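Chemist: Return atomic coordinates for the entry below.
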Amino acid sequence: MPFNQERYEQLRAQLVDRNEANVENVYLDVLGIPTTGLGVSLTARQADRTMSLDTNHIDALGDVLDLNAQQRQQLTGVLQDQVTIQNQHIDERHSNLGDFLRSDFGRDSQRVVGPIVNTQHDSPSGRSWSWDVLTSAESPMQIQLTHQQSLDLFNRVAPEYEERLNNSLRRANCPPEALSEEQRAAIYSMVYQGATGKAQRTADAIGDYWKGEVTEQQLRVTLRTVVNDPAFPERSRNELDFLENIKQRPLNQTQSPEVLQRADDHEHRRMMEEDRGPNNAIPLAPTLAPEIDAPEEDRQGRRDSERDLFQRPQVGRVQPGDPGNPNTPLFEKIRDGVRALDQQAGKPWDENSERLSASLLLLAGEKGFTAKDDLNIATNAPTATFAGGEVVHIWRTGHPSPDPAAHRAHMPMQEALAVPAEQRFAQLDVVQQARAEELQRSQQQETAQAQSAPVRSI
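Modeler: Numbers count the residues shown, from 1 in each chain. Next up, the predicted model:
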């Protein structure tokens, strides 16, 4: 069945509407970023983490509201002043409006945008709050949108995110025809929310299925693990609901084990020759790491003060790295590899080392790697597409599986370092629970088939 563009655009808006409260005025998010409508930001983060005006979004807002030249100039001036304040408080965030208003960041922002009001919203994903600005007579100007104008603004900025989505598909070698309308809407939602790493891994998984490298059931398990984000459970469920509508691949896409093995050999050579420098790959010893408590310097990444705003600590829980956790041997083995990468770079073990180790553990868990496997980790060498060190790889050699996708995994380095270790451990729990449930279902089916088989008399 051909791709239905009109249906896709309806689903795209429907999913974003489920994941985003529609705020019909300008508001500040927890980082002080001016935002409006269905989550359309009016300033943008640059590569050096400073903020600048998002002129495309501001122009689109002006067009949707039919602002005159004077109003557009006034809006741009207010937002430029807010950018100046943001860049004095880079990455500073506040979990509630009271804390924000008591901070220098909040006081400076009020001088620019005027009163900031906490407003409650009820959306399909639950109750939320926004810090509304430019709404009162004391504000430098007033901005108000209707629901239709919010939808119009969302559609005006959509081409920008569609291009990012297409880039993810190209990097994954996933043809657009591999996606159902629901799946494309789900990946669009990820890109729109800034979860580009999750979008890339989702495209990778669907591309592997379309090429015949994994079964439909393997794809479903991978999607459940890739999409789950404990910090945003409702959003994850909404996206997964859409991803479950899998487009059936053509029959000629099913490949034999021999073809898969040749593809695996080719992919391994490509990764070694193009993505990795010859001195960068770190082989990990194939012996089991001892189940001992990790040294104190290895635990720097578990400080509660570094948690993501929405992450909740797992109090009293035995985690990877602790005695008795079944993932500890593999985690310690991966830590050894990360420690070797740190030594190559001349840096000590730190918070990022712990986060990278936990992210690699999640990748290994998704692929079913064990501490007994012959594992290697590396970052990419510079290519025409990526600067050096932008992607981290983990792969195994010598395993009998003919499936090339079963032997390798990768993640953008920025994504690997962005998530606290505890959150990665929670994601790993979901991965392993899904795998255990799938194994149990398979065993039950085999038992049922064996019991229903006719008995032959001799």
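Chemist: Walk me through the domains of this structure.
Modeler: As given by automatic domain parsing, the domain ranges for the chain are 5-158, 173-249, 262-303+314-444.
Chemist: can you give me the end-to-end distance of the second one?
Modeler: When the termini of domain 173-249 are compared using C-alpha to C-alpha, to the nearest Å, they are 15 Å apart.
Chemist: what comes up buried for stretch 105-125?
Modeler: 105, 106, 108, 109, 112, 113, 114, 116, 125 (16 or more other C-beta atoms under 10 Å). For the C-beta atoms, the positions are set from N, CA and C on the backbone; glycine is no exception.
Chemist: Among those, which lie within helices?
Modeler: 105, 106, 108, 109, 112, 113 (DSSP state H).
Chemist: For the closest residue to the third one other than its chain neighbours, which residues are in contact?
Modeler: It refers to residue 108. Residue nearest to residue 108 in three dimensions, not counting chain neighbours: residue 85, with 4.6 Å by C-beta to C-beta, 6 or more residues apart in numbering. The contact partners of residue 85, taken as C-beta atoms under 8 Å, 6 or more residues apart in numbering, are 32, 105, 108, 109, 112.
Chemist: residues contacting the second one?
Modeler: If a contact means C-beta under 8 Å, 6+ apart, then residue 105 has 32, 85, 88, 89, 92, 94 as its contacts.
Chemist: For it, give its distance to residue 132.
Modeler: 17 Å (C-beta to C-beta, to the nearest Å).
Chemist: thinking again about what came up before, name only those of the contacts of residue 105 that count as buried.
Modeler: 32, 85, 89, 94.
Chemist: ok, residue 51 touching residue 41?
Modeler: No. The pair residue 51 / residue 41 is not scored as a contact, 9.6 Å apart, by C-beta atoms under 8 Å.
Chemist: The two: which has the busier surroundings?
Modeler: In this view residue 51 and residue 41 are compared by other C-beta atoms under 10 Å, and residue 51 has more residues nearby, 22 against 17.
Chemist: tell me the phi and psi of the more buried one?
Modeler: The phi/psi pair for residue 51 (degrees, to the nearest 10) reads phi -110, psi 150.
Chemist: Who is it paired with across the strands?
Modeler: Counting by DSSP bridges, residue 51 is bridged to residue 45.
Chemist: which ones are touching it?
Modeler: 33, 43, 44, 45, 83, 86, 87, 90.
Chemist: Could you list the low-pLDDT ranges of this structure?
Modeler: 123-126, 251-317, 385, 403, 438-439, 441-458 (pLDDT under 70).
Chemist: thinking again about what came up before, for the contacts of residue 51, work out which two are farthest apart.
Modeler: Greatest spatial distance among the contacts of residue 51 (C-beta to C-beta): 44 and 90, at 13.5 Å.
Chemist: and for the host helix or strand of residue 417, what are the contacting residues?
Modeler: Here residue 417 sits within helix 413-418, counting by DSSP states H and E. The contact list for helix 413-418 (C-beta under 8 Å, 6+ apart) reads 196-198, 352, 355-356, 359-360, 379, 389-392.
Chemist: Could you look up the SS state of the nearest residue to residue 229 once chain neighbours are set aside?
Modeler: Spatial nearest neighbour of residue 229, chain neighbours left out: residue 236 (4.9 Å); criterion: C-beta to C-beta, 6+ apart. Three-state assignment for residue 236 (DSSP: H, G, I helix; E, B strand; the rest coil): helix.
Chemist: was I right about residue 236 contacting residue 225?
Modeler: No. Shown here, residue 236 and residue 225 do not form a contact pair, counting by C-beta under 8 Å, at 10.7 Å.
Chemist: Quick check: residue 425 touching residue 319?
Modeler: Yes. Counting by C-beta under 8 Å, residue 319 is a contact partner of residue 425 at 5.2 Å.
Chemist: Among those two, which residue is more densely surrounded?
Modeler: residue 425 (23 against 19).
Chemist: tell me which element the more buried one falls in.
Modeler: Residue 425 is part of helix 421-452 when elements are defined by DSSP H and E.
Chemist: so what sits against both of residue 51 and residue 41?
Modeler: By C-beta under 8 Å, 6+ apart, the residues touching both residue 51 and residue 41 are residue 33.
Chemist: who's in contact with stretch 4-21?
Modeler: Counting by C-beta under 8 Å, 6+ apart, 38-39, 121-125, 128, 130, 151, 154-155, 158, 181-182, 184-186, 188-189, 192-193, 234-235, 238-239, 242 sit against stretch 4-21.
Chemist: one more time with 7 Å, if that's ok
Modeler: 38-39, 121, 123-125, 128, 130, 151, 154, 181-182, 184-186, 188-189, 192-193, 235, 238, 242 (C-beta atoms under 7 Å, 6 or more residues apart in numbering).
Chemist: Could you do stretch 198-205 as well?
Modeler: 165, 168-169, 171-172, 174, 187, 190-191, 219, 222-223, 226-227, 412.
Chemist: Restrict those to the buried ones and give me that as a ChimeraX selection.
Modeler: Selection of buried members from the contacts of stretch 198-205 for ChimeraX, criterion 16+ other C-beta under 10 Å:
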select :165,168,169,172,174,187,190,191,219,222,223,226,227,412
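Chemist: which residues in the stretch 51-200 of the chain form strands?
Modeler: Remark: strands assigned in the stretch 51-200 of the chain by DSSP state E, counting those that start in this stretch are 51-53, 117-123, 126-133.
Chemist: Among these, which comes closest to residue 339?
Modeler: Of the strands of the stretch 51-200 of the chain, nearest to residue 339 by C-beta to C-beta is strand 51-53, at 34.9 Å.
Chemist: that older thread, format the buried residues of stretch 105-125 as CSV; extra columns: distance to residue 6.
Modeler: Formatted as CSV, the buried residues of stretch 105-125 follow (distance: C-beta to C-beta, whole Å):
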residue, distance to residue 6
105, 44
106, 44
108, 46
109, 41
112, 41
113, 38
114, 41
116, 39
125, 25
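Chemist: Out of those, flag the one nearest to residue 396.
Modeler: Nearest member of the buried residues of stretch 105-125 to residue 396, counting by C-beta to C-beta, is residue 125, at 38.6 Å.
Chemist: Going by distance to residue 374, which of the contacts of stretch 198-205 wins?
Modeler: Of all those, residue 222 has the smallest distance to residue 374: 22.7 Å, by C-beta to C-beta.
Chemist: Helix or strand: which one has that closest one?
Modeler: With elements taken from DSSP H and E, the one containing residue 222 is helix 216-227.
Chemist: which strands and helices sit next to that helix?
Modeler: The contact analysis (3 or more C-beta pairs under 7 Å, 6 or more residues apart in numbering; DSSP states H and E) places helix 216-227 against helix 196-210, helix 233-243, helix 421-452.
Chemist: Mean neighbour count, the ones you listed: which tops it?
Modeler: A comparison of those by mean neighbour count, using mean count of other C-beta atoms under 10 Å, puts helix 196-210 on top with a mean of 24.
Chemist: Check the offset of that helix from the chain's centre.
Modeler: 11 Å (C-alpha atoms, centre = their mean, to the nearest Å).
Chemist: What of stretch 20-36?
Modeler: On C-alpha atoms, centre = their mean, the centre of stretch 20-36 falls 21 Å from the chain's centre.
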